[in-house]
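> For reference, the sequence and a predicted model appear below.
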Amino acid sequence: MFNKLAQLLKGRNAAPKGDLTPDQEIDIAEKALAKGDLKHAAYHVGCALVNDPNKPEWLVLLDKIAAASPKPLDLAPLADRNFIGTIAVRSYLLASLSRWSEALDLLLQVASQAPDIGFLKWAIDWVKLPAAAGKIDAGPIVGFCGRIVDRIPELRSDEASRVQTLDRIPVLIEEVVRTQTVDGPSFFAFIVTLKRLGCFDLMQTLAVEAHAKSPNYHTANAMASAARAAGDVDKAIAMYREALTFDNYDLLVRLDIGDLLLETGRYTDAGSVYAEVLHLQTDHEWAAPSFYAAQALARGDEASRTRFDVFVEDNPGNQRARELASFFAPYFGDMLPPPHEASINGVGQLLMDGLKPGSDGVVKMGLSSLEAPSAIFACNLELRRRFGECRLAIDATPQTSPDPREPRIPTALRLWTYEGIDASPVLPPPSLEVAAMVREIAVSRYSANAWFTLGKEVGRKIGPDRLDDLHATMVHPLPAFGQYRSWDWLLRTQYAACFAIAGVDGGWAGSKRRESLMSIMGGQADWPTGGAAIVLALIVRECPDAETEISALLWDSAVHLLRLKGSISAVVEPVLLALQHMPNLADARRQQVNQTLSQIWAE
């Protein structure tokens with residue numbers, strides 16, 4: 001009906017033909033109404049409404065103008081180039097004639113072009129009217145969601161657009177689903193939009209209600225998407241399989257099942273599902289590398305790994321193959337490299353040589369630079385574990401610019417307080433319940449994908465109100481488990497806490513997990529920085545709109561860490577690897593990251 005709104009206002013507060021205030025526009029409109037010049041009156045009301053479309057007295061005036069006209073739509077005619085206020089007025093007049101779908105089609109195009117103006121409230125009000133129940137086509141709303149969904153990061157950065165449009169979209173969707181007849185494809189589009197907005201509770205509620213009312217392919221798919229967003233992997237897989245009962249040849253649903261199984265470490269089952277896809281389409285560019293990766297991960301033998309590597313080499317343009325290579329990389333695969341700071345290597349060697357501390361329980365060690373506080377702390381844990389009252393006394397000259405003892409960002413989370421070069425925890429011990437739940441992750445076999453899934457389950461139980469307890473587990477771990485030395489166990493505990501933080505809520509903008517993980521990244525240079533970096537890279541995979549902010553955060557952190565002596569071991573490497581996983585990292589930066597990693601690994 002209407003495809004472009006070319007003649008928009010300069011700024012949002014000026015009329016297209018001058019610098020009149022909204023009150024002056026209304027004054028002109030009232031005088032024009034009194035003279036019977038209805039079209040002129042409607043035009044100037046439109047000029048005022050672009051400043052505040054929800055001012056009651058202005059809408060009352062527009063109602064009076066419309067009531068005085070035998071043909072209300074003639075008051076706001078369409079042309080090749082249209083003023084946004086005129087289009088808004090026309091949509092309002094269409095709604096007054098109960099032509100709801102036409103009104104919404106126009107209004108939502110206006111809202112797309114001017115998301116910082118509160119026009120979306122009109123749409124919500126119209127949908128809620130009893131007279132409109134069951135009479136509105138969902139198509140314009142679906143089209144609007146499609147235009148907005150990829151702009152969510154941009155709109156979130158603008159306060160007016162967030163308040164006037166983004167915050168109202170979930171309300172609009174809920175009202176449309178509640179009052180109108182929504183077909184399966186439209187409903188699924190709404191679910192996808194809610195997922196991108198981070199409205200997981202509403203997404204779950206609507207999916208459950210819709211599936212209970214009308215079980216079909218689309219509602220089952222929506223249920224699966226909602227369960228997946230909530231971290232309920234088994235429920236998601238079950239609902240994807242139910243969706244297949246309505247369309248047994250759907251490749252995308254099978255791929256969703258395979259991806260979930262692969263991401264949660266169920267490699268054999270994942271391989272079977274990818275094989276089903278390849279049976280239906282032998283050259284599927286996603287399923288083929290996924291099948292080879294699943295086989296290599298399940299079998300762990302050289303021949304299977306070689307088949308995957310050959311596929312990657314033979315298909316350099318296959319992005320999925322390149323992404324899957326990360327499953328075999330340190331931190332992102334099934335290996336959490338142990339810390340190897342000089343202090344840890346030194347204490348480890350002393351223990352192998354049969355260390356016998358003196359009567360004062362002090363073990364002296366000189367270092368060329370101050371290391372991560374967790375490294376020294378873990379050495380002391382191991383010494384106390386073996387010898388009771390025993391501690392490491394470090395002789396090192398700390399770097400002062402930048403000072404590794406200070407957070408990179410002054411307001412960020414501070415885990416350690418220093419007396420000279422001796423660090424001690426800032427936070428009090430966590431609750432035993434939270435510490436035990438973190439331990440549940442730490443004792444399991446490491447796999448970044450499996451820990452990310454488990455972290456969501458554990459984090460959901462802990463909740464955002466107990467983030468301080470999660471932070472505290474990083475400096476007050478439960479006693480080392482089984483075969484682990486204290487430094488390995490502390491690192492696992494700190495990473496496990498970061499993975500649990502990722503599960504305390506969902507989405508990105510405005511989430512508590514964002515606040516916590518960003519604060520850890522801005523804190524003191526320490527092992528949790530690496531854990532937070534890995535988790536943030538995995539969050540980008542499920543929240544693409546977070547990439548710009550996370551990529552910038554990782555880059556700033558890497559630059560800072562590389563200026564510090566002694567921070568390379570268990571801190572900067574995972575941050576650089578996380579940067580490698582940013583899909584849209586600038587080529588120049590990617591090249592720098594790759595070169596720096598090569599230098600670190602060569603040392």
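That came through, no problem.

> show me what contacts the closest residue to Met518 other than its chain neighbours?
Nearest residue to Met518 in three dimensions, chain neighbours excluded: Leu553, at 6.2 Å (Cβ to Cβ, 6 or more residues apart in numbering). (Glycine included, C-beta is placed from N, CA and C.) Counting by Cβ atoms under 8 Å, 6 or more residues apart in numbering, Leu553 touches 518, 521-522, 536.

> Make CSV out of those residues and add neighbour count, distance to Met582 and secondary structure.
Compiled in CSV, those are given as follows (neighbours: other Cβ atoms under 10 Å; distance: Cβ to Cβ, whole Å; DSSP: H, G, I helix; E, B strand; the rest coil):
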residue, neighbour count, distance to Met582, secondary structure
Met518, 19, 15, helix
Met521, 26, 14, helix
Gly522, 20, 18, coil
Leu536, 30, 10, helix
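
> can those go into a markdown table with extra columns for pLDDT?
What follows is these, written out as a markdown table (pLDDT from 0 to 100):
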| residue | pLDDT |
| --- | --- |
| Met518 | 97 |
| Met521 | 97 |
| Gly522 | 96 |
| Leu536 | 97 |
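
> Kindly reformat those as TSV and extend each row with distance to Tyr331.
Shown next, in TSV, are the contacts of Leu553 (distance: Cβ to Cβ, whole Å):
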residue	distance to Tyr331
Met518	19
Met521	15
Gly522	20
Leu536	12
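
> Out of these, which comes closest to Pro337?
Leu536 (18.3 Å; Cβ to Cβ).

> how about that closest one, what does it touch?
Contacts of Leu536 (Cβ under 8 Å, 6+ apart): 517, 521, 550, 553-554, 578.

> switch to 10 Å and redo it
Counting by Cβ atoms under 10 Å, 6 or more residues apart in numbering, Leu536 makes contact with 498, 502, 508, 513-514, 517-518, 520-521, 546-547, 549-551, 553-554, 557, 575, 578, 581-582.

> Same question for Leu470.
Leu470 neighbours (Cβ under 10 Å, 6+ apart): 430, 434-435, 437-438, 458-459, 462, 464, 496-498, 500-501, 504, 516.

> quick one on the thing from earlier: so how far is Pro410 from the residue nearest to Met518?
16 Å (Cβ to Cβ, to the nearest Å).

> again with Met521
Distance, Met521 to Pro410, using Cβ to Cβ: 14 Å.

> again, but for Arg307
Shown here: Arg307 relative to Pro410, a distance of 51 Å by Cβ to Cβ.

> Just the helices from the stretch 201-350 of the chain, written as ranges.
For the stretch 201-350 of the chain, the helices defined by DSSP state H, counting those that start in this stretch cover 217-229, 233-246, 251-263, 267-280, 287-299, 302-314, 319-324, 342-352.

> So which bits of the first one are buried?
Burial within helix 217-229, assessed by neighbour count using 16 or more other Cβ atoms under 10 Å, is assigned to 217-229.

> Could you do the fifth one as well?
Residues 287-298 are the ones in helix 287-299 that count as buried (16+ other Cβ under 10 Å).

> Export the residues you listed to TSV and append columns for pLDDT.
Shown next, in TSV, are these (pLDDT from 0 to 100):
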residue	pLDDT
Ala287	97
Ala288	96
Pro289	96
Ser290	97
Phe291	97
Tyr292	96
Ala293	94
Ala294	94
Gln295	94
Ala296	92
Leu297	88
Ala298	89
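
> out of these, which one sits closest to Arg445?
The closest of the buried residues of helix 287-299, once distances to Arg445 are taken by Cβ to Cβ, is Leu297, at 12.2 Å.

> Pick out the least confidently modelled helix or strand of this structure, by mean pLDDT.
helix 152-156 (a mean of 85; mean pLDDT, DSSP states H and E).

> Quick check: what element follows that helix along the chain?
Counting by DSSP states H and E, the next helix or strand C-terminal to helix 152-156 is helix 159-164.

> mean confidence score for the helix or strand following that following helix?
Once helix 159-164 ends, the next helix or strand along the chain (criterion: DSSP H and E) is helix 169-179. For helix 169-179, the mean per-residue pLDDT is 95.

> For helix 169-179, which residues meet the burial criterion?
Under 16+ other Cβ under 10 Å, the buried positions of helix 169-179 are 169-177, 179.

> Repeat that for stretch 78-92.
Buried, per 16+ other Cβ under 10 Å, within stretch 78-92: 82-92.

> just checking, Ile394 is part of a strand?
Yes - assigned with DSSP: H, G, I helix; E, B strand; the rest coil, Ile394 falls within a strand.

> That one: neighbour count?
Per other Cβ atoms under 10 Å, the neighbour tally for Ile394 reads 20.

> mind checking pLDDT for it?
In this model, Ile394 carries a pLDDT of 89.

> Next, the residue nearest to Met518: secondary structure please.
helix.

> Can you tell me how far it is from Leu579?
From Leu553 to Leu579 the distance is 10 Å (Cβ to Cβ).

> From what I see, Val277 and Ala294 are in contact.
No - when contacts are counted by Cβ atoms under 10 Å, Val277 is not listed as touching Ala294 (11.5 Å).

> which neighbours do those two share?
Common neighbours of Val277 and Ala294 (Cβ under 10 Å, 6+ apart) are 258, 287.

> Tell me who's in contact with Val312.
Per Cβ under 10 Å, 6+ apart, neighbours of Val312: 289, 292-293, 318, 320-322, 324-325.

> switch to 8 Å and redo it
Val312 neighbours (Cβ under 8 Å, 6+ apart): 289, 318, 321-322, 324-325.

> Just give the number of residues close to the nearest residue to Asp334 once chain neighbours are set aside.
Counting by Cβ to Cβ, 6+ apart, the nearest residue to Asp334 once its immediate chain neighbours are dropped is Ser447, at 4.8 Å. By the criterion of other Cβ under 10 Å, Ser447 has 21 neighbours.

> Present the buried residues of helix 287-299 as TSV; the columns should include distance to Leu255.
Output for those, formatted as TSV (distance: Cβ to Cβ, whole Å):
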residue	distance to Leu255
Ala287	6
Ala288	11
Pro289	12
Ser290	8
Phe291	11
Tyr292	15
Ala293	13
Ala294	12
Gln295	16
Ala296	18
Leu297	17
Ala298	18
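
> Neighbour count for Arg307 and Pro410, which is higher?
Arg307 (14 against 8).

> I'd assumed Ala293 was in contact with that one.
No - using Cβ atoms under 8 Å, Arg307 is not in contact with Ala293, being 9.7 Å away.

> list the contacts for the most centrally placed residue in the chain?
Central residue of the chain (Cα atoms, centre = their mean): Cys543, 3.3 Å from the mean position. For Cys543, the contact set (Cβ under 8 Å, 6+ apart) comprises 198, 507-508.

> repeat for Lys195
Counting by Cβ under 8 Å, 6+ apart, Lys195 has contacts 203, 225-226, 229.

> 7 Å instead, please
Lys195 makes contact with 203, 225, 229, according to Cβ atoms under 7 Å, 6 or more residues apart in numbering.

> now it, what's its secondary structure?
helix.

> Relative to Thr306, how far out is it?
Distance, Lys195 to Thr306, by Cβ to Cβ: 38 Å.

> same question, Gln591
Gln591 is 28 Å from Thr306, by Cβ to Cβ.

> same check, this time on Ala375
Applying Cβ to Cβ to Ala375 and Thr306 gives a distance of 37 Å.

> ranges for the helices of the stretch 451-600 of the chain?
467-473, 486-501, 512-521, 527-542, 547-562, 573-580, 587-602.
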